[in-house]
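Trainee: Okay, here's the prediction I keep looking at, along with the sequence it came from:
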Amino acid sequence: MPSHLEDYALVGDCFTAALVAKDGSVDWLCFPRFDSGACFAALLGTPEHGRWRLAPAEEIRAVRRRYLPDTLVLETEYETASGVVAVLDCMPVRVEAEAPSLVRVVAGKRGQVPVHMELISRCDYGHIVPWVQRLDGGIRAVAGPDGLVVRTPVPLRGANLTTVADFSVAAGQRVPFTLTWHPSHEEPPPPIDAETCLRDTESWWRDWAGRCTYEGEWREQVRRSLLTLKALAYLPTGGIVAAATTSLPEQLGGVRNWDYRFCWLRDATFTLLALLNAGYRDEATAWQEWLLRAVAGSPADTNLMYGLAGERRLTEIELDWLPGYEGAKPVRIGNAASKQFQLDVYGEVLDAMYVSRKLGLKEGTANWNLEKALVRFVETAWQKPDEGIWEVRGPRRHFTHSKVMAWVAVDRAVKAVEQFHCPGPLERWRELRAAIHAEVCQQGFNPERNAFVQSYGAKELDASLLMIPLVGFLPAKDPRVRGTVEAIRQHLMRDGFVQRYDPNQSVDGLPPGEGAFLACTFWLADALVQMGRADKARPIFERLLALCNDVGLLAEEYDPHARRLVGNFPQAFSHVGLVNTAMNLSECACPNDQRPQ
């Protein structure tokens with residue numbers, strides 16, 4: 001059985017990533033990029049679906065682990081009766097043409113500790129057992145397009161479709177292992193030196209972390225979140241994936257299992273603010289440019305999510321040979337929601353472009369031409385129902401949040417003309433903005449509940465409506481905003497965390513029930529800060545920080561009953577929320593103030 005999500009740490013090379021459990025097992029790894037077929041899929045199946053475990057061969061008395069300061073180099077230290085040994089894990093950051101590798105070094109700290117290695121290499125998400133042959137200093141495994149080369153000075157042997165090794169490490173000794181992917185039709189790449197890779201990788205990440213300009217109260221947590229975001233960025237294109245994994249359930253044992261190894265448009269503004277305010281202008285520019293390339297084309301064909309390079313066809317299929325994380329089925333790759341109509345994404349794109357201009361990112365004429373085309377589409381489509389921010393797999397509705405974001409699209413176009421002198425039909429857009437605003441206030445607000453509600457004519461609440469003050473639709477101190485925030489605090493909070501909507505409500509056509517959505521809880525803290533209630537926001541933020549695992553990582557959601565992280569992991573949007581809320585609560589650049597109010 002896989003470990004709890006809290007037991008995993010992330011290592012990555014800005015092309016792909018691996019999850020390493022406390023017990024020394026790499027249970028998830030996709031080569032050569034995030035959305036490729038996994039060669040270690042024990043996270044979603046069983047050890048027989050692929051893993052690489054490297055740990056003491058005797059009872060472990062204690063485990064201590066950490067990232068080396070300001071890096072993505074993981075050190076896991078094991079104490080046994082014989083002594084202490086550490087395993088250092090990293091993925092060397094590389095240029096695109098280089099072969100991706102996972103490097104593991106076993107270092108003796110005290111005494112002499114017996115160590116066991118077990119490598120179960122599988123391809124195509126644990127479906128294919130590769131052919132294995134010996135090489136000088138290791139083995140090569142081949143299946144279909146994938147080739148894997150393992151090199152180590154330790155003698156390897158095969159047993160039951162598994163590669164194993166047993167050796168001892170004394171204090172001061174270091175034993176290297178490298179796993180390198182290559183196209184199977186090519187010759188294996190030349191060996192790499194594990195110790196050099198460790199040093200260079202540590203130096204690369206420390207240099208990157210050293211560019212962070214945030215020096216507030218939560219410096220360490222913010223830096224760790226920024227390092228995680230960088231690890232989830234696809235270096236060739238600048239796209240940032242929502243998570244490194246697929247099909248980790250939003251409800252333990254449930255069916256809400258989606259592929260998050262794609263880039264969502266709705267993350268755009270929050271991500272830009274987090275990167276720019278922390279001093280990462282190059283990364284913000286790369287993300288903005290990815291965004292513009294991805295949405296280029298007919299506005300009617302805009303997706304809500306895209307592949308790492310802007311791919312639009314993200315065909316969803318089910319992998320029936322995998323039992324899923326703790327039995328949560330089905331396991332899915334691809335995401336059918338990519339073809340939904342979600343009105344809010346047009347607001348997200350225009351909002352991101354507004355923030356880019358306001359904070360001084362470069363732009364070209366093509367940017368504004370694209371924005372005008374998106375606004376023209378919103379003019380014709382804003383009164384249509386959609387699937388909404390939560391990607392409903394059921395009948396379309398007039399979701400209040402979607403209409404608010406349609407207003408944002410037009411508002412940001414108006415401000416582009418007013419503040420940045422971009423050419424456009426100002427009066428027509430002003431009239432449209434006023435019409436959308438009036439309709440939302442009339443049909444999206446329920447006087448009986450004294451709150452904005454999930455959709456027109458409904459009574460149900462929705463945490464997405466916390467965005468109303470954050471995007472400037474209404475001032476934070478407006479009585480309707482105060483009523484909405486208070487209603488959400490009273491009815492959607494469970495054990496101090498916000499759920500997207502009533503957990504007994506089936507919004508998306510699937511069985512009800514899921515964890516608290518961490519991004520929504522960050523939004524609540526941000527809204528309270530805007531309302532002048534930082535004293536109420538701080539304890540919420542501190543409860544969120546307490547959910548981070550021992551190496552500072554967050555998933556998508558938290559199950560208050562099981563007291564466990566759930567959903568895909570680590571989740572970029574959760575870490576973006578951590579960065580922005582920390583800044584909103586600090587005396588530094590405040591993302592709340594950088595959107596129109």
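Mentor: Nice, I can see it.

Trainee: so what's the closest residue to Thr163 other than its chain neighbours up against?
Mentor: Nearest non-adjacent residue to Thr163, counting by Cβ to Cβ, 6 or more residues apart in numbering: Leu119, 4.2 Å away. The C-beta positions use only the backbone N, C-alpha and C, and glycine is treated the same way. By Cβ atoms under 8 Å, 6 or more residues apart in numbering, the residues touching Leu119 are Trp52, Arg53, Val150, Thr162, Thr163, Val164.

Trainee: per-residue confidence for the fourth one?
Mentor: Reading off the confidence values, Thr162 has pLDDT 96.

Trainee: related to what we said a few turns ago, assign the residue nearest to Thr163 to helix, strand or coil.
Mentor: Under DSSP: H, G, I helix; E, B strand; the rest coil, the three-state class of Leu119 is strand.

Trainee: hey, what's it bridged with?
Mentor: According to DSSP bridges, Trp52, Thr163 are recorded as the beta-bridge partners of Leu119.

Trainee: before we move on, back to that, from the contacts of Leu119, list the buried ones, please.
Mentor: When those are checked for burial by 16 or more other Cβ atoms under 10 Å, the buried set is Trp52, Arg53, Val150, Thr162, Thr163.

Trainee: In JSON lines, list those residues along with distance to Glu215.
Mentor: What follows is the buried ones among the contacts of Leu119, written out as JSON lines (distance: Cβ to Cβ, whole Å):
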{"residue": "Trp52", "distance to Glu215": "38"}
{"residue": "Arg53", "distance to Glu215": "40"}
{"residue": "Val150", "distance to Glu215": "43"}
{"residue": "Thr162", "distance to Glu215": "49"}
{"residue": "Thr163", "distance to Glu215": "47"}
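
Trainee: Farthest-apart pair in those, please.
Mentor: Arg53 and Val150 (13.4 Å; Cβ to Cβ).

Trainee: From what I see, Phe40 and Arg51 are in contact.
Mentor: Yes: using Cβ atoms under 8 Å as the test, Phe40 is close enough to Arg51 to be in contact (5.2 Å).

Trainee: what touches both of those two?
Mentor: With Cβ under 8 Å, 6+ apart, Phe40 and Arg51 have common neighbours Val26, Asp27, Ile120.

Trainee: any idea how far Asn549 is from the second one?
Mentor: Separation of Asp27 from Asn549 (Cβ to Cβ, to the nearest Å) stands at 15 Å.

Trainee: So these two - more neighbours on which side?
Mentor: Asp27 (27 against 18; other Cβ atoms under 10 Å).

Trainee: just checking, what packs against the helix or strand encompassing the more buried one?
Mentor: Applying DSSP states H and E as the criterion places Asp27 in strand 25-30. In terms of contacts (3 or more Cβ pairs under 8 Å, 6 or more residues apart in numbering; DSSP states H and E), strand 25-30 is packed against strand 17-21, strand 38-40, strand 51-56.

Trainee: can you tell which of those strands is closest to Tyr280?
Mentor: Ranking those by proximity to Tyr280 (Cβ to Cβ) places strand 17-21 first, at 18.7 Å.

Trainee: the inter-axis angle of the closest one versus strand 51-56?
Mentor: 40 degrees (axes from the mean of the first three to the mean of the last three Cα atoms, to 10 degrees).

Trainee: mean confidence score for strand 17-21?
Mentor: Computed over strand 17-21, the mean pLDDT rounds to 98.

Trainee: cool, and stretch 461-480?
Mentor: In this model, stretch 461-480 has an average pLDDT of 97.

Trainee: if we can go back for a sec, specify which member of the contacts of Leu119 is nearest to Asp282.
Mentor: Nearest to Asp282 among those, with distances taken as Cβ to Cβ, is Trp52, at 33.3 Å.

Trainee: Check what pLDDT that closest one gets.
Mentor: For Trp52, the model assigns a pLDDT of 98.

Trainee: correct me, but it touches Ala21?
Mentor: No: contact criterion Cβ under 8 Å: Trp52 and Ala21 do not qualify, at 10.6 Å.

Trainee: What segments of the stretch 351-500 of the chain are strands?
Mentor: Using DSSP state E, counting those that start in this stretch, the strands of the stretch 351-500 of the chain run over 445-446, 451-452, 493-494, 497-498.

Trainee: Any chance of TSV for those, columns mean pLDDT and mean neighbour count?
Mentor: Shown next, in TSV, are the strands of the stretch 351-500 of the chain (pLDDT from 0 to 100; neighbours: other Cβ atoms under 10 Å):
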stretch	mean pLDDT	mean neighbour count
strand 445-446	98	20
strand 451-452	98	26
strand 493-494	92	16
strand 497-498	95	22
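
Trainee: want to try JSON lines for these, with distance to Ala337 as columns?
Mentor: Putting the strands of the stretch 351-500 of the chain into JSON lines (distance: least, Cβ to Cβ, whole Å) gives the following:
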{"stretch": "strand 445-446", "distance to Ala337": "28"}
{"stretch": "strand 451-452", "distance to Ala337": "24"}
{"stretch": "strand 493-494", "distance to Ala337": "25"}
{"stretch": "strand 497-498", "distance to Ala337": "22"}
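
Trainee: now stretch 51-66, how far from the centre of its chain.
Mentor: Relative to the centre of its chain, stretch 51-66 is centred 27 Å away, using Cα atoms, centre = their mean, to the nearest Å.

Trainee: likewise stretch 11-22?
Mentor: That offset, for stretch 11-22, works out to 13 Å (Cα atoms, centre = their mean).

Trainee: buried set for that stretch?
Mentor: Across stretch 11-22, burial judged by 16+ other Cβ under 10 Å covers Val11, Gly12, Asp13, Cys14, Phe15, Thr16, Ala17, Ala18, Leu19, Val20, Ala21, Lys22.

Trainee: so who does the fourth one touch?
Mentor: Counting by Cβ under 8 Å, 6+ apart, Cys14 makes contact with Val93, Lys230, Ala231, Ala233, Tyr234, Leu235.

Trainee: and what of the first one?
Mentor: Taking Cβ under 8 Å, 6+ apart as the contact definition, Val11 lies against Ala17, Ala18, Val20, Leu72, Val73, Leu74, Asp89, Cys90, Met91, Leu102, Ala231.

Trainee: Those residues in strands, which ones?
Mentor: Judged by DSSP state E, these include Ala17, Ala18, Val20, Leu74, Asp89, Cys90, Leu102 as members of strands.
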